[in-house]
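Q: Sharing a model prediction with you, sequence too.
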Amino acid sequence: MVRSPLASSRLINLLTGVQALVLMVVLFAPIAWMILASFKNRVDITRYPPKLLFEPTLDNYRELFIRTDFLDNTLNSFYVAGGSTLLGLALAIPAAFAISWHRLTWPATLTLFARMAPGTLFLLPWFIMFSSLGLAGSHVALIITHAVITVPIALWTLLPHFDGLPRELTESAQIDGCRSPQVLLWIAVPVVVPGIIVAVILSFIFSWNYFLFALVLSNIHSKTAIVASFNFIGEGVTNWGALMAAATVIALPPTLLTLLIQRRLVSGLSFGAVKG
Amino acid sequence: MVQAMRGQRAASFEWMVLPAVAFVLLMVVFPFGYGIWLSLLEYKLGSPITFVGLGNYAALLKDEQFWNGLRLTFILYLFALLIQLVLGVALGIFIHGIHVLRGLVRTVMVSPFMLPPVVIGMMSIVVLDPAMGVANYLLKSAGLPTSHFLASTNYVIFTVIAIDTWQWTPFVALIVLGGLQALPARVYEAAAIDGALGWRRFVYITLPMLGPTILTAAVLRSVDLLRFFDVIYITTQGGPGFASTTLNIYAYRRGFEFSDIGYASALMITLSSIVLASVLVFSQFRRRLTW
């Protein structure tokens, strides 16, 4: 070491600080640009060269919620994401408990298949299935199809939590005469509440964000905010402000929810391959 | 008494997997089989349905757009995967070394990949607009050549790669960070004593130990990249012309724009086989690495 260690460590700190700042700007600038654009008026938004300082307006949001069905679409998104999260958890909690307790592998692998197959593959069969049941375009059909997304996410998020459950706890409850559903509900579930919260949030975000299924299987009454804003793009060349307002609105729930579970996020998304 | 306890202790929870298994069988496995069946049919809306065996698959081999889609799928897959893994490892190591503002950096890193793809698409359309977009404005101000980005036949697929790289490299980096944090500090201490530092330490110690972690990231990205759909369909619908019509987009267009159900199913089954094959290849690698 020729340089004084103190000076060189200061220099390195400064350098990493600058690099971190650049990184954050690169990742966040497009998002910030979108949010800013949603508050620009018609003239400012297409102004070239682009303006950083402008007089903010809520016109885009007003137009979005008053002149289009976006409020209904947003409510549909809440129904579908909420419903599929509940359904996904209802299926995944008992399954994760049993898989973890009996060290089963095949059911877990089976749900991974749902995660890996291209969604387009299911669309034609589903379309035919739901049409023959008279359910095509219904909220129910969307909730069921979105549960194909939520079940594997919830299951794989819950598995490590159930694995951490002390076996004695469950066994003593059984000796006390609890039946297996009671064991699950009153003994196991309270212990894994933190895992359930992460599973709920991840399921909700992914169901909320999902585009393809609702693109094909929704109708005018069940259209989600995601699909509605995709339709705006076609019409929207003339109205970029409302487009950016829609983007900002639908980005809000996943962003807020993400902030709650940051630390567990990556381990949940990597199907247990990465510890959080 | 003891026997009664044993009897109860052996009580099985196995049946509790049944609802989830039934759901996956009904919604995933059955449609998959049904899709295979559809792929064997000549099935166009409005025309009589006939069984053609492997006819659709034979037709596929002679379909110029199939080969175009396959080529684009693999360009997207290979470039995006490679770039994201290299950048992701570099970024992961960088963040591992940061001690200030770490929480904030992590928060910012998570935001791109948790946003809905439709938001990413709308944002890209506005930022990358050839005439009014801020991207070309910045390029021009810096004296660099501008681009038509998503409207360019030659560069649209690379624009998509760039968008996906922006969105998902942070995810790879956070996986790598998880792997780095799990590495035992003793290894580094031993390496330091042996004089392995800097670049040598990275090549001979960090990288091999990160192998399984990087493979995990590779598998997760592979699955998503091979069946990439959302951002392409939202921004270009496969255009201009067929310049961004990957296999998945092509299958969708054949199925839902041309109502060519049998042929579209053959395309989708082919794509699914490619995705599954890539996962199997990676899992073989992984087995060898971890043993």
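A: That came through fine.

Q: For the rest of this, base every contact and every neighbour count on C-alpha atoms.
A: Noted.

Q: what residues does the stretch 101-250 of chain B put near chain A?
A: In this structure, the stretch 101-250 of chain B approaches chain A at residues B:105, B:107-112, B:114-119, B:122-123, B:126-127, B:132, B:134, B:137, B:166, B:171, B:174-175, B:178-179, B:213, B:216-217, B:220, B:223-224, B:227, B:230, B:234, B:248, judged by C-alpha under 8 Å from any C-alpha of the partner chain.

Q: How many residues are close by A:Glu168?
A: Here the neighbour count serves as a burial measure; for A:Glu168 (other C-alpha atoms under 10 Å in any protein chain shown) it reads 9.

Q: Just the ones of the residues of the stretch 101-250 of chain B next to chain A in helices?
A: B:105, B:107-112, B:114, B:117-119, B:122-123, B:126-127, B:134, B:137, B:166, B:171, B:174-175, B:178-179, B:213, B:216-217, B:220, B:223-224, B:230, B:234, B:248 (DSSP state H).

Q: Test my guess that B:Leu87 contacts B:Thr169.
A: Yes - in terms of C-alpha atoms under 8 Å, B:Leu87 counts as a neighbour of B:Thr169; the distance is 6.7 Å.

Q: Comparing the two, which shows the higher neighbour count?
A: Comparing B:Leu87 with B:Thr169 by other C-alpha under 10 Å, the one with more neighbours is B:Thr169, at 26 against 17.

Q: how about the more buried one, what does it touch?
A: B:Thr169 sits next to B:Gln84, B:Leu85, B:Leu87, B:Gly88 when contact means C-alpha atoms under 8 Å, 6 or more residues apart in numbering or on different chains.

Q: That one sits in which helix or strand?
A: For B:Thr169, the element it lies in under DSSP states H and E is helix B:156-182.

Q: how much does that helix deviate in direction from helix B:117-127?
A: Counting by axes from the mean of the first three to the mean of the last three C-alpha atoms, to 10 degrees, helix B:156-182 points 130 degrees away from the direction of helix B:117-127.

Q: who's in contact with the residue lying closest to B:Pro170 once chain neighbours are set aside?
A: If the residues on either side of it in the chain are set aside, B:Pro170 comes closest to B:Met109, at 5.4 Å by C-alpha to C-alpha, 6 or more residues apart in numbering or on different chains. Under the criterion of C-alpha under 8 Å, 6+ apart, the contact list for B:Met109 reads A:Met24, A:Leu27, B:Pro170, B:Phe171.

Q: between those, which is closest to A:Met244?
A: For those, the minimum distance to A:Met244 (C-alpha to C-alpha) is 17.8 Å, reached by A:Leu27.

Q: Run through the residues that contact that closest one.
A: Residues in contact with A:Leu27 (C-alpha under 8 Å, 6+ apart) are B:Val108, B:Met109, B:Pro112, B:Trp166.

Q: any idea which of those has the most stuff around it?
A: Each of the contacts of A:Leu27 was scored for neighbours by other C-alpha under 10 Å, and B:Pro112 scores highest at 24 neighbours.

Q: give me the low-pLDDT residue ranges for chain B?
A: Within chain B, the set of residues satisfying pLDDT under 70 comprises B:1-11, B:196-197, B:286-291.

Q: now with 50?
A: Segments of chain B classed as low confidence (criterion: pLDDT under 50) are B:1-10, B:291.

Q: For it, which segments count as strands?
A: With strands called from DSSP state E, chain B shows them at B:41-42, B:50-51.

Q: The first one and chain A, any residue contact?
A: No - judged by C-alpha under 8 Å from any C-alpha, strand B:41-42 stays clear of chain A, getting no closer than 13.2 Å.

Q: Now do the contacts for the residue of the stretch 101-250 of chain B found nearest chain A.
A: Minimum separation of the stretch 101-250 of chain B from chain A (C-alpha to the nearest C-alpha) falls at B:Pro116, amounting to 4.4 Å. By C-alpha under 8 Å, 6+ apart, the residues touching B:Pro116 are A:Trp208, A:Asn209, A:Tyr210, A:Ile226, A:Ile250, A:Ala251, A:Pro254.

Q: these two touch, right, the fifth one and A:Ile226?
A: Yes - counting by C-alpha under 8 Å, A:Ile250 sits close enough to A:Ile226 to count as a contact (7.2 Å).

Q: who has more neighbours, those two?
A: Between A:Ile250 and A:Ile226, counting by other C-alpha under 10 Å, A:Ile226 is the more crowded of the two (28 against 21).

Q: In a helix, the more buried one, correct?
A: Yes - applying DSSP: H, G, I helix; E, B strand; the rest coil, one finds A:Ile226 inside a helix.
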